[in-house]
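A.B. asks: Sequence and computational prediction follow.
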Amino acid sequence: MKIPAALALALDAVRRDAGELGNHAIDEYLARRISRRDLLRHASVLGCSSVVLAAGTLVAPGRARAQSATAGANATIRVAHLTPAGRVDPLTVADAAGLCLIAQTGEFLVNDAGEHSTLTPALALSWSANEKGDVWTFKLRPNVKFHDGRVLGAKDVAATFDRLADPASGSAALSVFKGVLSKGGARVVDERTVAFHLDAPNGNFPYYVSSDNYNAVILPAGAGGDYEQSFIGTGPFKLERYEAKRGASFVRNADYWGEKALPARVQFVFYADQQAQILALQGRQADVMGDLTVQGGLGILNNPEFTVQGVKSSAHRQIHMRCDMAPFHDKRVRQALALAVDRDVLVRGLFKGRAAVGNDSPFAPIFPSTDASVAQRHLDIAQAKKLLAQAGHPNGFAATLTTEKFMEIPDLAVVLQNEAKAIGINLSLKVESQGQYYGKGTFGSSDWLDAPLGITDYGHRGVPNLFLNAPLVSGGAWNAAHFANPQYDKLVGQFVAALDVASQKKIAGEIERLLLDETPMIIPYFFDQLVATRKNLTGVRFTAISQMYFDRARLTA
């Protein structure tokens, strides 16, 4: 709903003067569940002295405008947020909207600072590995309390990771921990020390318990029941109210162990899609939105009223080709399609330059372990046609490209369809809802894992381990390409076990070259994570994995 500027200012005044009930009334109005007359009645009953009635609407006088332009200790940050895909629970969350909400109250052992994937202390002050790299020990921060007053201890950390690593728990983190950490592997050493005994050596294990693993917020031992009723955690904000499908609000935690949050409240209103979020920003109903895409957000990107910030990420798209099915069982066919892709055009056209060119392996430019000396694959139509002819397809062939309706992916599918025509490959597009595309997420019951040719979204991680394992190792849980290569599996095992970046980079180069040769998938780009704010909001921190943090946020004139 786009609202006049005068009404937007008045709504700001109602929010400030009337507190939670006033905020709730405005949410109901903006969601079109109450009328403007009902909203006026709320304003009158709640005694909003800074709002006057004129010509059948709400008008904010000069005093209200001045006050709404300057926010102090009682500021409310308003977030236009996508509706979570399902129930919000750290154990099962897998969508960006849900994980961002959990990050408001929950904290991790370690934070990924984002710049060059640097890890910084959070609930753990320090961490170290044994010589082999299969036992990692974390020292916890003292004097940390959960929102209900319980003191954080090693038993809470061990219980958290027991839940996440338990195959019977329904944990979404099993895709990360399978073959890395088993239930019982997190052990209490003393009240403030936890040792993780791993299934195998792992040089990047601290990332597995960091903010990169969004399921891994630390909960109290024995935590259970309905998480949405408490959002229990140790963070700078605590739950005020949560309403499924409608919104949530979080208030400053006065007992926080660190620097107290600047805003008094962060209020999330849920919207169905990005366009509705953008309209909320433009209508002054919100101060910030995350996960902005270039395709739908040009009105924000080109508007001087807003600031768009970006961080480099490893988020990408995987165009998989079934290595066990004709015609993609021949690697020359896979190489040909990869050579038909103009990556520079995709970066400029789909992202206006806010992305980096990919080289058909999960090694993003931001990873310290990436071997940047490996030759970049470029558009080469003549070579692509030659390879197709050698593979027995001199006149090309027809195939179906199956994918999901998410962010820029449908546009990528159309571009790929047009580029494939140049080498004689005629692609029919099958663009499905995410629910249809992912299905049950198991082989034989998922278009994602069963389609001969598909495009899948992969979100950011601070290290490439997950990308190397689940989608590419033989028998990997997400191996949509049905790729099986013993040499690749061996190299990934060596990479995971390597304890220093120099060793990792050497092995990474071998993996990158192998994947360029075999080409089980095309990775055309790695795109930036974008967040949009109104000009008067500063201090919002965010990660490439869709978390947003508001403890240092300020509203100014």
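C.D. replies: All right, it came through fine.

A.B. asks: Could you use CA atoms for every contact and neighbour count after this?
C.D. replies: Fine.

A.B. asks: Distance from the chain centre to the one helix or strand residue 456 maps to, please.
C.D. replies: Here residue 456 is covered by strand 453-458, with elements defined by DSSP states H and E. Strand 453-458 has its average C-alpha position 16 Å from the chain's average C-alpha position, going by Cα atoms, centre = their mean, to the nearest Å.

A.B. asks: try stretch 112-126
C.D. replies: In terms of Cα atoms, centre = their mean, the centre of stretch 112-126 is found 17 Å from the chain centre.

A.B. asks: Now that stretch - C-alpha only, PDB.
C.D. replies: These are the backbone C-alpha positions of stretch 112-126, laid out as PDB (Å, rounded to 0.1, in the frame of the first residue of the first chain):
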ATOM      1  CA  ASP A 112      32.200 -14.400  10.300                       C
ATOM      2  CA  ALA A 113      33.100 -10.800   9.900                       C
ATOM      3  CA  GLY A 114      32.600 -11.100   6.200                       C
ATOM      4  CA  GLU A 115      35.800  -9.300   5.000                       C
ATOM      5  CA  HIS A 116      38.000 -12.100   3.600                       C
ATOM      6  CA  SER A 117      35.900 -14.600   5.700                       C
ATOM      7  CA  THR A 118      37.600 -13.400   8.900                       C
ATOM      8  CA  LEU A 119      36.400 -15.100  12.100                       C
ATOM      9  CA  THR A 120      35.900 -13.000  15.300                       C
ATOM     10  CA  PRO A 121      35.100 -14.000  18.800                       C
ATOM     11  CA  ALA A 122      31.400 -14.000  19.900                       C
ATOM     12  CA  LEU A 123      30.300 -16.400  22.700                       C
ATOM     13  CA  ALA A 124      33.600 -18.100  22.400                       C
ATOM     14  CA  LEU A 125      36.700 -16.000  23.200                       C
ATOM     15  CA  SER A 126      39.200 -18.400  21.600                       C
END
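
A.B. asks: what sits up against it?
C.D. replies: Outside stretch 112-126, the residues that touch it by Cα atoms under 8 Å, 6 or more residues apart in numbering are 107-111, 138-141, 207, 210-212, 311, 366-368, 462-463, 543-544.

A.B. asks: Tell me the helix or strand right after the strand holding residue 456.
C.D. replies: helix 465-469.

A.B. asks: The host helix or strand of residue 402 pairs with which strands, parallel or anti?
C.D. replies: Secondary-structure assignment from DSSP H and E places residue 402 in strand 397-404. Within its sheet, and counting by DSSP bridges, strand 397-404 is paired with strand 425-432 (parallel), strand 453-458 (parallel).

A.B. asks: Residue 221: which of the ones you listed is closest?
C.D. replies: Distances from residue 221 to each of the strands paired with strand 397-404 were compared using Cα to Cα; the minimum, 31.5 Å, belongs to strand 453-458.

A.B. asks: Residue 491 belongs to a strand?
C.D. replies: No - assigned with DSSP: H, G, I helix; E, B strand; the rest coil, residue 491 falls outside any strand and is helix.

A.B. asks: contacting residues around the residue nearest to residue 179 when sequence neighbours are not counted?
C.D. replies: Leaving out its chain neighbours, the residue that sits closest to residue 179 by Cα to Cα, 6 or more residues apart in numbering is residue 199, at 6.0 Å. The neighbours of residue 199, taking Cα under 8 Å, 6+ apart as the test, are 134, 179-182.

A.B. asks: What's the per-residue pLDDT of residue 199 here?
C.D. replies: Predicted confidence (pLDDT) at residue 199: the value is 97.

A.B. asks: Would you quantify the distance from it to residue 327?
C.D. replies: Summarising the geometry, the distance separating residue 199 from residue 327, computed by Cα to Cα, to the nearest Å, is 38 Å.

A.B. asks: and what of residue 431?
C.D. replies: For residue 431, the distance to residue 327 equals 21 Å [Cα to Cα].

A.B. asks: worst-scoring helix or strand of the protein, pLDDT-wise?
C.D. replies: Comparing every helix and strand of the chain by mean pLDDT, DSSP states H and E singles out strand 52-54 as the least confident one, with a mean of 34.

A.B. asks: Show me where the stretch 51-200 of the chain has its strands.
C.D. replies: Defined through DSSP state E, counting those that start in this stretch, the strands belonging to the stretch 51-200 of the chain, from first to last, are 52-54, 57-59, 76-82, 110-112, 119-121, 124-129, 135-140, 186-190, 193-197.

A.B. asks: Show me what the last one pairs with in its sheet, parallel or antiparallel.
C.D. replies: Looking at strand 193-197 with DSSP bridges, its partner strands are strand 135-140 (antiparallel), strand 186-190 (antiparallel).

A.B. asks: Contacts for that strand, please.
C.D. replies: Residues from elsewhere that reach strand 193-197 (Cα under 8 Å, 6+ apart): 134-140, 154, 157-158, 181, 185-189.

A.B. asks: ok, now the third one?
C.D. replies: With Cα under 8 Å, 6+ apart as the test, strand 76-82 has contacts from 97, 263-274, 277-278, 280-281, 285-290, 550, 555.

A.B. asks: Now with 7 Å, please.
C.D. replies: For strand 76-82, the external contacting residues (Cα atoms under 7 Å, 6 or more residues apart in numbering) are 97, 263-273, 277, 280, 286-289.

A.B. asks: Can you pull the domain assignment for this protein?
C.D. replies: Segmentation of the chain into domains, based on automatic domain parsing, reads 1-69, 71-105+235-308+529-557, 107-208, 316-527.

A.B. asks: Toward the C-terminus from the helix or strand hosting residue 505, list the very next helix or strand.
C.D. replies: The secondary structure element spanning residue 505 is helix 501-518 (assigned by DSSP H and E). Heading C-terminal from helix 501-518, the first helix or strand you meet, by DSSP H and E, is strand 521-522.

A.B. asks: Contacts for the helix or strand following that following strand, please.
C.D. replies: The first helix or strand that comes after strand 521-522 along the chain, using DSSP H and E, is strand 525-527. Contact with strand 525-527 is made by 312-316, 343, 347, 354-358, 364, as judged by Cα under 7 Å, 6+ apart.

A.B. asks: Tell me which of the residues you listed fall in strands.
C.D. replies: 316, 355-357 (DSSP state E).
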